[in-house]
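Peer 1: my questions concern the predicted model and sequence given below.
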Amino acid sequence: MTGYPEHQLADTRARHVLDRLAAQDAAERAAGLPQEQRIRALTPPTGVFLYSVLLALRPKFIFEAGSAVGYSTIWLALAARQYGGRVIGSEIRPERARLANEHLAEAGLAEVATVLEGDAAELVRQFDAIDFLFLDAEKDDYGRLFLASIDRVVPGGLIVADNVVSHDCRAYQELVRSRPDVYTVTLAIERGLEWTVKRW
Ligand SMILES: C[S@@+](CC[C@H](N)C(=O)[O-])C[C@H]1O[C@@H](n2cnc3c(N)ncnc32)[C@H](O)[C@@H]1O
């Protein structure tokens, strides 16, 4: 079950990797593996949604907090390649960062996206003009990751956080709602996305 019609993703090389990782994620969930042993990928429709958002808004520089083995990073990179964008992912577990970069290379996207190993809140300090920030690390850490990044997001930049309906992300949602420098709304798409725009 890929969640998207084949014509929406004509790149067969990338589709092969995406479909394999989606199948792995589904099998791991079905087997009831503990969270730390699963790749915890986005749902395929969430991937299609992010892909289409990028194609519409064309953010030049994309930073992802929590890349795991690169499933979401591939979706972001596929879109970014089409308009000349660049994706930097981050992953705290070294083995996963290595796999993510292998999967990006296998999908033919190594020139568009790289996953750095380490804590996203530290790695993000290297960048100062983030157009699109995707939060998909530990859900109780979203606030810290947001606070480490928000000054580096450009005015009009978009911050999307996954799992805000499937998990208890109230602390994060209260944080973004308390801030006068962003507009925010919860989108009931798949596992729930918090959609936050930095004000001009
Ligand atoms: C939900 S998974 C990410 C799934 C990935 N975005 C995808 O859709 O394929 C969360 C990942 O974030 C990583 N992580 C947790 N805390 C992190 C941090 N502070 N910085 C970077 N990565 C982190 C975890 O090791 C885990 O692999």
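Peer 2: All right, it came through fine. Numbers count the residues shown, from 1 in each chain.
Peer 1: helices of this structure, start to end?
Peer 2: Along the chain, the stretches classed as helices by DSSP state H are 12-30, 44-57, 71-83, 94-106, 120-123, 142-149, 170-177.
Peer 1: and the ligand, is the first one touching that?
Peer 2: So that's helix 12-30. No. Taking CB under 6 Å from any ligand atom as the criterion, helix 12-30 and the ligand are apart, separated by no less than 7.2 Å. C-beta: built from backbone N, CA, C; applies to glycine.
Peer 1: same deal with stretch 169-183?
Peer 2: No. Using CB under 6 Å from any ligand atom, no contact is recorded between stretch 169-183 and the ligand, whose separation bottoms out at 12.5 Å.
Peer 1: roughly how far out does that stretch sit from the chain middle?
Peer 2: 19 Å (CA atoms, centre = their mean, to the nearest Å).
Peer 1: adding mean pLDDT and mean neighbour count, write the helices of the chain out as JSON lines.
Peer 2: Output for the helices of the chain, formatted as JSON lines (pLDDT from 0 to 100; neighbours: other CB atoms under 10 Å):
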{"stretch": "helix 12-30", "mean pLDDT": "95", "mean neighbour count": "16"}
{"stretch": "helix 44-57", "mean pLDDT": "96", "mean neighbour count": "19"}
{"stretch": "helix 71-83", "mean pLDDT": "97", "mean neighbour count": "24"}
{"stretch": "helix 94-106", "mean pLDDT": "98", "mean neighbour count": "19"}
{"stretch": "helix 120-123", "mean pLDDT": "98", "mean neighbour count": "19"}
{"stretch": "helix 142-149", "mean pLDDT": "98", "mean neighbour count": "20"}
{"stretch": "helix 170-177", "mean pLDDT": "98", "mean neighbour count": "16"}
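Peer 1: near the ligand, which residues of the chain are found?
Peer 2: 40-42, 65-68, 71-72, 90-93, 96, 119-121, 136-138, 141.
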